[in-house]
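Q: Generate a structure from the sequence data that follows.
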Amino acid sequence: MSVTHGAAPAAPVRLTFPRIALFGLAVFALLLYSGGWELPVVGENATEAGSTILRVAYLPAYAAGFALIALRPGASFRVLIRQPFLLILLAVAVASTFWSVNPDQTVRRCFALVCTTLGGAALAARFRWPRLAEVVGASFAVLIVACFVVCLAVPRIGVMTELFPGAWRGLWREKNGLGGIMAFGFCILSAAALLNPRRARLWWTFAGLAVVLVLMSTSKTSLVSLMLGVGAIGFVLVARRGPAAGAAATWAGVTGVVLLTAFILFAADVFFAILGKDATLTGRTKIWAAVMREVQDRPWLGYGYQAVWGDKSGWGPFAWISKNAGFQAQHAHNSWLEQWLGMGLVGVIAWGLFYLQTMTLAVIAVFRDRGGALLAFPFLVVYSLVALTESIAVTYNDFRWVLFVAFATKLAFPDREVEA
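A: Residues are numbered from 1 along each chain as shown. Predicted structure coming up:
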């Protein structure tokens with residue numbers, strides 16, 4: 001497989017009002033999807049069911065996505081049909097309304113899921129890799145500045161005082177929210193610097209600030225994600241130096257994964273101690289066991305997309321999961337189990353095929369497409385890790401799902417088909 005030595009940096013794009021407006025519109029939508037506004041606006045105890053603001057605040061983000069699609073409908077259509085498993089996944093989610101234990105809730109959340117997903121696809125159709133990196137990077141830059149403001153100037157919002165006193169949480173409800181988002185942010189901002197050398201100093205500065213926020217969150221899981229992201233970026237840079245370097249980097253990467261897996265399997269106690277976790281991963285294994293007991297009753301079709309966690313009847317699957325786990329969870333804390341619970345094996349297979357297609361394209365991009373290699377591959381590596389302990393896949397109104405869809409669809413839609 002030949003390596004394309006990344007072409008020279010793209011010529012600067014002449015700034016015009018339409019381009020600036022499109023850039024701002026995309027950043028605005030991403031900031032809404034980040035959820036960073038929720039804690040300062042509605043407080044940490046507000047829920048979607050109890051807050052009208054949370055119900056309607058994402059509508060402008062949907063509108064921004066549809067506006068981007070309307071500007072290039074043909075490109076948006078071509079983006080979607082090149083990821084057929086994504087369309088199948090959405091179809092399964094919508095179809096689950098017919099067997100959902102809470103159909104009204106599934107209908108509402110399917111609508112939000114479709115709008116969120118289309119927003120990600122619209123970004124892929126609208127922007128080339130270097131510009132897309134800066135669009136997402138600008139969103140993270142705004143979030144980083146806002147986090148430092150609330151943590152330093154308004155600590156009652158930005159700093160935790162109960163469970164983990166002194167840990168920074170920024171704009172999110174707990175420290176892992178800040179740390180996890182900023183681990184992704186480092187990957188994005190590093191890619192923005194590498195793909196846009198004229199503004200590299202700016203983006204590297206924000207990447208460094210993202211690292212500071214990960215450290216201040218004191219989230220060891222997020223620190224592991226950050227280190228994995230650094231390793232993925234390093235792998236891409238080495239692999240693209242030539243065929244020999246690419247082969248060496250690939251062998252080193254595979255060996256590292258094997259050794260890490262062996263370490264986790266055969267020295268689990270040491271691994272958990274390093275992370276500061278117990279053997280249940282802070283109760284996650286209890287949730288997984290409780291979810292699997294409910295999955296056995298509806299293994300093929302599940303209970304309906306996002307129908308379980310909003311069921312407060314006291315007799316449905318949520319009640320049984322809470323009883324068996326010993327506490328109430330907000331989601332399955334595993335993206336794969338989440339799809340199985342909500343959409344059954346049909347949903348898991350659809351998600352698995354979409355994920356497999358995306359990761360295959362990302363690996364190919366490491367050797368053939370500098371933009372996809374630097375922006376998509378590190379993000380997807382970190383995403384794969386986080387998805388094992390958090391329900392971040394096929395999630396409505398979620399920043400990380402928007403980015404996953406944007407990068408997944410962009411990997412199948414080369415820059416030569418994008419106008420600007």
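Q: Confirm residue 390 sits in a helix?
A: No - according to DSSP: H, G, I helix; E, B strand; the rest coil, the state of residue 390 is coil, so it is not within a helix.
Q: From residue 334, how far out is it?
A: According to Cβ to Cβ, to the nearest Å, residue 390 and residue 334 sit 8 Å apart. Just so you know, the C-beta spots here come from the backbone N, C-alpha and C atoms, and that holds for glycine as well.
Q: count of neighbours near residue 17?
A: Counted with other Cβ atoms under 10 Å, the burial measure for residue 17 works out to 7 neighbours.
Q: do the one 10 residues further on as well
A: By other Cβ under 10 Å, 20 other residues sit near residue 27.
Q: Low-confidence regions, the stretch 301-420 of the chain specifically.
A: Along the stretch 301-420 of the chain, the model assigns pLDDT under 70 to residues 419-420.
Q: So which residues of it form helices?
A: 317-325, 335-368, 370-371, 377-386, 399-411 (DSSP state H, counting those that start in this stretch).
Q: mind putting the ones you listed in TSV, mean neighbour count and distance to residue 254 included?
A: Shown next, in TSV, are these (neighbours: other Cβ atoms under 10 Å; distance: least, Cβ to Cβ, whole Å):
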stretch	mean neighbour count	distance to residue 254
helix 317-325	18	36
helix 335-368	21	12
helix 370-371	23	22
helix 377-386	22	13
helix 399-411	26	21
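Q: Ok, which of the ones you listed comes nearest residue 85?
A: Closest of these to residue 85 is helix 335-368, at 3.9 Å (criterion: Cβ to Cβ).
Q: on that earlier part again, in TSV: the helices of the stretch 301-420 of the chain, plus distance to residue 65.
A: Compiled in TSV, those are given as follows (distance: least, Cβ to Cβ, whole Å):
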stretch	distance to residue 65
helix 317-325	30
helix 335-368	19
helix 370-371	22
helix 377-386	19
helix 399-411	9
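Q: right, and those - which one's nearest residue 40?
A: Proximity of those to residue 40 was assessed by Cβ to Cβ; the nearest stretch is helix 399-411, lying at 16.1 Å.
Q: Alpha carbons only: can I get that closest one in PDB?
A: In PDB, the C-alpha atoms belonging to helix 399-411 read as follows (Å, rounded to 0.1, in the frame of the first residue of the first chain):
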ATOM      1  CA  PHE A 399     -21.600  16.300  20.800                       C
ATOM      2  CA  ARG A 400     -19.600  13.100  20.400                       C
ATOM      3  CA  TRP A 401     -22.200  11.400  18.200                       C
ATOM      4  CA  VAL A 402     -22.400  14.400  15.900                       C
ATOM      5  CA  LEU A 403     -18.600  14.300  15.500                       C
ATOM      6  CA  PHE A 404     -18.500  10.500  15.000                       C
ATOM      7  CA  VAL A 405     -21.100  10.800  12.300                       C
ATOM      8  CA  ALA A 406     -19.300  13.800  10.700                       C
ATOM      9  CA  PHE A 407     -16.000  11.900  10.600                       C
ATOM     10  CA  ALA A 408     -17.500   8.600   9.600                       C
ATOM     11  CA  THR A 409     -19.400  10.100   6.600                       C
ATOM     12  CA  LYS A 410     -16.500  12.400   5.700                       C
ATOM     13  CA  LEU A 411     -14.200   9.400   5.400                       C
END
